[in-house]
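Trainee: Below is the sequence, then the predicted model.
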Amino acid sequence: MGWLLLVASLSACVQGEDKSVQSPTINVPVLPEKLAQKAADPGKVLPIREFRIALTGELRGEVQPCGCPTLPYGGFARRSIYLSRLAAEGFAVFQIDAGEALLKGVSQHGRTDAERRAQAILEMMAVIGVDAMAVGPTDLIAYETLQGLKSTESDGVWMLSGGWESPHNTPLRKSRDSVVLEEQGVRLGLIGLSGESTAPELESRYARRDLVAFAKAQALALGDDLDLIVGVGSLSPEETVALSREVPAIGLLLTTAGSQHQPPRRHNSTVVVEVPPRGRYVTTLRIMLGSALGQPLLFSGMEVEAYEELNHRRAQSLQLGDSLLTQEKKDALNSQEAEVQRVAAGLNLVTVEDRPLGTVFSGASPVDAYMEEFFEDLIVDAEAEAQKKPEPEQAAEVFANTAACVSCHVQAFAQWSFSAHKSATTTLAQEGAHKNPECLSCHTTGFGQKGGFGDPTPFNLGRYGGVQCEACHGPLAGHPEDKTVRPMPITKETCTGCHDEANSPDFVYENYHTKVRCDRGQ
């Protein structure tokens with residue numbers, strides 16, 4: 001009953017208040033169905049301790065919602081607003097990130113801003129109050145060059161090593177293997193755990209310790225003066241099973257989703273929770289502990305049903321705000337709180353909700369100034385790159401724009417003129433995003449590339465606007481006179497620089513390419 005009500009609540013949020021989503025084919029993560037799980041016998045009865053965990057992970061460098069995908073949720077600004085409302089419930093909130101957050105990757109034709117982006121993400125994490133982040137495999141690429149990583153309790157975000165070691169068996173700089181988080185009398189022991197790296201260039205620079213042995217040692221070192229031991233990182237399903245079997249002291253495993261988001265589940269006595277990727281949701285765990293460390297967390301059962309229903313009502317309150325709740329509803333909520341306190345004696349309870357960060361959480365936020373500074377830095381860096389003079393043997397690395405192509409490729413130009421690629425910059429202007437560097441690299445041609453442009457002035461947007469020939473075929477100044485300058489062939493990889501899973505989830509290369517190929521009809 002509780003999970004069904006939660007699904008209905010989220011559905012109402014998407015269909016009712018959040019006008020940013022209108023597609024009938026929204027790929028909303030499947031929320032957990034009610035588990036057919038028999039409640040455990042009550043353990044030692046202790047005073048009730050209730051708190052929240054706000055889980056994110058697999059951000060993949062995304063700092064704000066993109067207007068392209070069918071699911072335009074997310075962004076640091078919306079997250080900060082949601083978290084402020086969550087904190088208003090009055091319980092301790094622990095913000096934890098499962099890693100794979102810092103690196104967006106290389107954008108179209110090799111442009112990258114990895115280091116500055118990673119630094120901005122860490123700065124904004126600190127502003128919104130993220131307590132700790134596990135260093136994931138791709139995070140290693142940017143990690144060692146970053147400044148401002150947490151080294152004291154008043155500075156930045158705790159970085160958890162994930163079991164990684166740099167050369168000579170030394171831990172990662174400014175990182176910890178585990179950390180104790182404490183707020184409002186609740187003490188969480190947090191262990192960073194990372195999956196294997198898939199980047200060959202990192203194999204000579206980092207090594208990962210045996211995951212099970214590492215987790216056992218950290219759980220032992222944390223001791224038993226805790227309310228809950230939590231493992232967090234970018235883990236495979238096989239690794240979560242092994243950890244739950246071999247390290248029963250870990251009562252909760254928080255991990256990234258990988259290729260497919262799975263609902264919360266239990267392995268042995270350990271609850272496993274995956275977070276949807278790209279920062280579009282905050283996975284919120286509402287936890288009520290009425291027993292000791294080692295008593296398992298319960299999803300469901302007769303005793304837990306009341307807690308699920310209570311948290312459904314709390315989620316509604318969070319969505320609506322106290323100003324829209326009648327006194328009658330507030331009284332009913334308080335009455336139910338008292339009843340749950342009674343039935344929770346000797347039990348440890350948890351409910352899990354994937355909260356979509358839609359437009360209902362829009363507004364001014366503490367990260368706005370950081371976002372503006374980050375975008376300004378991207379524009380400056382793009383302009384500096386555009387002004388670089390190519391080496392003599394790289395003379396072709398200059399963009400000629402479609403004006404140079406049309407004289408020979410009249411039919412191809414005509415076909416392109418009626419395509420969505422032609423109007424890509426116009427689409428940005430309609431959304432007021434024509435100066436947003438997060439969008440320009442895919443909606444224009446040559447942004448941030450040598451011989452292209454950086455500053456989005458009206459002149460540059462006019463000259464380089466739209467996804468022109470060279471956005472796909474590469475810079476072609478000197479063609480056809482210079483026989484060494486040849487257009488790059490189109491492959492699936494050419495397209496997925498922009499039409500990736502995050503921003504073009506319905507992309508099928510064969511279908512999309514047929515619509516825009518310049519030789520169709522010939």
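Mentor: Arrived safely, thanks for sending.

Trainee: In this protein, which residue is most central in space?
Mentor: Per CA atoms, centre = their mean, the C-alpha nearest to the average position across the chain is that of L59, at 2.3 Å.

Trainee: Contact partners for the residue nearest to it when sequence neighbours are not counted?
Mentor: What sits nearest to L59 in space, not counting adjacent residues and going by CB to CB, 6 or more residues apart in numbering, is A101, at 4.0 Å. Heads up, the C-betas are built off the backbone N, CA and C, glycines and all. Residues counted as contacts of A101 (CB atoms under 8 Å, 6 or more residues apart in numbering) are T56, G57, E58, L59, R60, G61, I121, M125, M133, G136, D139.

Trainee: Not counting the strand or helix carrying R85 itself, show me its contacts.
Mentor: Taking DSSP states H and E as the criterion, R85 maps to helix 76-87. Helix 76-87 is contacted from outside by 52, 54, 56, 63-65, 93, 95, 124, 127-129, 279, 282, 284, 318, 321, 355, 357-358, 361-363, 365-368, 370-371, using CB under 8 Å, 6+ apart.

Trainee: Remind me what the helix or strand following it packs against, helices and strands.
Mentor: On the C-terminal side of helix 76-87, the nearest following helix or strand under DSSP H and E is strand 92-97. Helices and strands touching strand 92-97, by 3 or more CB pairs under 8 Å, 6 or more residues apart in numbering; DSSP states H and E, are strand 49-56, helix 76-87, strand 132-134, strand 178-183, strand 186-192, strand 228-233.

Trainee: Dump the last one to PDB, keeping only the CA atoms.
Mentor: This file holds the C-alpha atoms of strand 228-233, laid out as PDB (Å, rounded to 0.1, in the frame of the first residue of the first chain):
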ATOM      1  CA  LEU A 228      24.400   2.400  11.200                       C
ATOM      2  CA  ILE A 229      27.400   1.400   8.900                       C
ATOM      3  CA  VAL A 230      26.900   2.400   5.300                       C
ATOM      4  CA  GLY A 231      29.000   1.400   2.300                       C
ATOM      5  CA  VAL A 232      28.900   3.700  -0.700                       C
ATOM      6  CA  GLY A 233      30.400   3.700  -4.200                       C
END
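
Trainee: so that strand versus strand 49-56, what angle?
Mentor: Per axes from the mean of the first three to the mean of the last three CA atoms, to 10 degrees, the angle that strand 228-233 makes with strand 49-56 is 0 degrees.

Trainee: Okay, and which of the contacts of helix 76-87 map to strands?
Mentor: R52, A54, T56, V93, Q95, V282, T284, R355 (DSSP state E).

Trainee: Of these - the most surrounded one?
Mentor: The most crowded member of those, judged by other CB atoms under 10 Å, is T56 (29 neighbours).

Trainee: Tell me who's in contact with the nearest residue in space to it that is not next to it in sequence.
Mentor: Leaving aside its sequence neighbours, T56 sits nearest to D97 (CB to CB, 6+ apart; 4.9 Å). If a contact means CB under 8 Å, 6+ apart, then D97 has L55, T56, G57, L59, M125, V130, A132, M133, A134, V157, V232 as its contacts.

Trainee: Contacts only, for the second one.
Mentor: Contacts for T56 (CB under 8 Å, 6+ apart) come out as R79, Q95, I96, D97, A98, A101, V130, V275, G279, V282, T283.

Trainee: so which of those comes closest to N460?
Mentor: Ranked by distance to N460 (CB to CB), the contacts of T56 are led by G279 at 30.1 Å.

Trainee: close enough to count as contact, that closest one and Q64?
Mentor: No: assessed by CB atoms under 8 Å, G279 is found out of contact with Q64, at 9.1 Å.

Trainee: Neighbour count: those two, which is higher?
Mentor: Between G279 and Q64, counted using other CB under 10 Å, G279 has the larger neighbour count: 27 against 20.

Trainee: measure the more buried one to A114 for me?
Mentor: 17 Å (CB to CB, to the nearest Å).

Trainee: got it, and D97?
Mentor: 18 Å.

Trainee: same thing with G231?
Mentor: On the measure of CB to CB, G231 and A114 end up 27 Å apart.

Trainee: for V130, same thing?
Mentor: From V130 to A114 the distance is 20 Å (CB to CB).

Trainee: circling back: out of G231 and A114, which sits in the busier spot?
Mentor: G231 (32 against 17).

Trainee: hmm, back to that, redo the ones in strands among the contacts of helix 76-87 as TSV? Include distance to C495 and pLDDT.
Mentor: Listed next are the ones in strands among the contacts of helix 76-87 as TSV, based on distance: CB to CB, whole Å; pLDDT from 0 to 100:
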residue	distance to C495	pLDDT
R52	41	96
A54	35	98
T56	29	96
V93	41	97
Q95	36	97
V282	31	96
T284	36	94
R355	32	90
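
Trainee: ok, of those, which one's closest to N503?
Mentor: Using CB to CB, T56 comes nearest to N503 of those, at 18.7 Å.

Trainee: Could I get the average pLDDT for stretch 232-241?
Mentor: Per-residue pLDDT values over stretch 232-241 give a mean of 93.

Trainee: Tabulate the contacts of A101 (JSON lines), appending distance to H434.
Mentor: Output for the contacts of A101, formatted as JSON lines (distance: CB to CB, whole Å):
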{"residue": "T56", "distance to H434": "29"}
{"residue": "G57", "distance to H434": "32"}
{"residue": "E58", "distance to H434": "29"}
{"residue": "L59", "distance to H434": "25"}
{"residue": "R60", "distance to H434": "24"}
{"residue": "G61", "distance to H434": "21"}
{"residue": "I121", "distance to H434": "24"}
{"residue": "M125", "distance to H434": "28"}
{"residue": "M133", "distance to H434": "33"}
{"residue": "G136", "distance to H434": "34"}
{"residue": "D139", "distance to H434": "32"}
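
Trainee: List just the nearest of these to L190.
Mentor: M133 (10.2 Å).

Trainee: what's the closest non-adjacent residue to that closest one?
Mentor: D97 (3.9 Å).

Trainee: so A382, which of the three states?
Mentor: Three-state call for A382 (DSSP: H, G, I helix; E, B strand; the rest coil): helix.

Trainee: quick one: contacts for it?
Mentor: R111, P437, L440, F447, G448, F453, G454, D455.

Trainee: what's the neighbour count on S244?
Mentor: 21.

Trainee: got the contact list for it?
Mentor: With CB under 8 Å, 6+ apart, S244 has these contacts: I250, L253, H267, N268, S269, T270, V272.
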